[in-house]
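*Asks:* Quick check, what structure comes out for this input:
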Amino acid sequence: MLTIDLRSSVPIGEQILAGLRRLIAAEQLRPGDELPPVRQLAADLGINLNTVARAYRELEQEGLVSTVRGRGTRVTADREAPRADAAASRQRMLSRLRDALADVKLAGLNRDQAAAMVEAVLNEFWADTGSSEPGDGVGR
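*Replies:* So this is what the prediction gives:
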């Protein structure tokens, strides 16, 4: 289920985008699943429909969803379309991970607690496997 926090410093559009990406990554939304219409999701969340439309467009640019006028928006992939600059994309992900772990440390958690938290989140997305896929090294 998608939720947003109107009091968060994270812009609402980014929360929607991150939430939908998370649902796709966790396979709670799978290829073929239909997303709620823009107007419906905006009404359900109590936000401007243009904010939802922008998030849907971003997901479409990433190759995760496809919108057909009059037929709705459906999940089309469980992975982003390959980008021209894979190294920049990995650096962006690494930066986000560093930011998240900095927040964990600043919240007062120790290394073992942080590791347990990271392991729990990894299990949300890779519950059926115990290892990463080949070629997923951060330093590449």
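*Asks:* so what does the longest helix along the chain touch, helix or strand wise?
*Replies:* Using DSSP state H to define each element, the chain has its longest helix at helix 86-106. Contacts defined by 3 or more Cβ pairs under 8 Å, 6 or more residues apart in numbering; DSSP states H and E place helix 86-106 against helix 111-125. All C-beta atoms are positioned from the backbone trio N, CA, C, and that covers glycine.
*Asks:* who touches the helix it packs on?
*Replies:* With contacts defined as Cβ atoms under 8 Å, 6 or more residues apart in numbering, helix 111-125 is touched by A25, A26, L101, V104, K105, L109.
*Asks:* tell me the average confidence for that helix?
*Replies:* Regarding helix 111-125, the rounded mean pLDDT is 93.
*Asks:* Can you flag the buried ones in the contacts of helix 111-125?
*Replies:* V104 (16 or more other Cβ atoms under 10 Å).
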